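1. structure for this input, please:
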Amino acid sequence: MLQANEIQRRFSSVEHAIGQASQACSAERNVPGELRDCIERLDKQADMAKDVLQSNDENRIRQMVNDLELLGDRAKRVCSSGADLTPQMKTAVNHMHHELSTLKHQLH
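-> All right, here's what the predicted structure looks like:
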């Protein structure tokens, strides 16, 4: 498993990517409800994740990242389903998904 400071650094990148997706979602007019829900849930869970990270409990951290990645997968699926989204929205979701997947793979 990564060192605690490296996990924190990587998670900051994830939080930033989630924030960008959230901003893009707010700026977008025709965001499908499922995508909006995924991004809102990611945003809330990322806020709660700080406690999990501070616990240094490897199992809890892995579970949290898995949960976040599942939501990221759903968001990416909606983007790929032909929804009428701006390139900025698609880019933000893809970047967020990439950051989550990278963190997950680094933890395992």
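
2. which elements pack onto the helix or strand harbouring Arg77?
-> Assigned by DSSP states H and E, Arg77 belongs to helix 58-80. Where contact means 3 or more Cβ pairs under 8 Å, 6 or more residues apart in numbering; DSSP states H and E, helix 58-80 is packed against helix 4-27, helix 33-55, helix 87-107. For glycine as for every other residue, the C-beta is placed from the backbone atoms N, C-alpha and C.

3. show me what contacts the closest residue to Asn66 other than its chain neighbours?
-> If the residues on either side of it in the chain are set aside, Asn66 comes closest to Lys104, at 6.7 Å by Cβ to Cβ, 6 or more residues apart in numbering. Contact analysis of Lys104 by Cβ atoms under 8 Å, 6 or more residues apart in numbering lists Val65, Asn66, Glu69.

4. kindly report the same for Val14.
-> Neighbouring residues of Val14 by Cβ under 8 Å, 6+ apart: Ala46, Leu68, Met96, Glu99, Leu100, Leu103.

5. how many other residues sit next to the second one?
-> If I follow you right, that is Leu68. 23 (other Cβ atoms under 10 Å).

6. if I look at it, how far off is Asp84?
-> The gap separating Leu68 from Asp84 is 26 Å, by Cβ to Cβ, to the nearest Å.

7. got it, and the last one?
-> For Leu103, the distance to Asp84 equals 30 Å [Cβ to Cβ].

8. between the two, point out the one with more neighbours.
-> Counting neighbours by other Cβ under 10 Å for Leu103 and for Asp84 shows that Leu103 has the greater number, 19 against 10.

9. what's the residue nearest to the more buried one when sequence neighbours are not counted in contact with, if anything?
-> Sequence neighbours aside, Arg10 is the residue nearest to Leu103 in space, at 5.0 Å (criterion: Cβ to Cβ, 6+ apart). Each residue near Arg10 by Cβ under 8 Å, 6+ apart is listed here: Leu2, Glu99, Thr102, Leu103, Gln106.

10. I'd say the last one and Leu2 touch.
-> Yes - between Gln106 and Leu2 a contact is recorded at 5.6 Å, counting by Cβ atoms under 8 Å.

11. thank you kindly, that will do.
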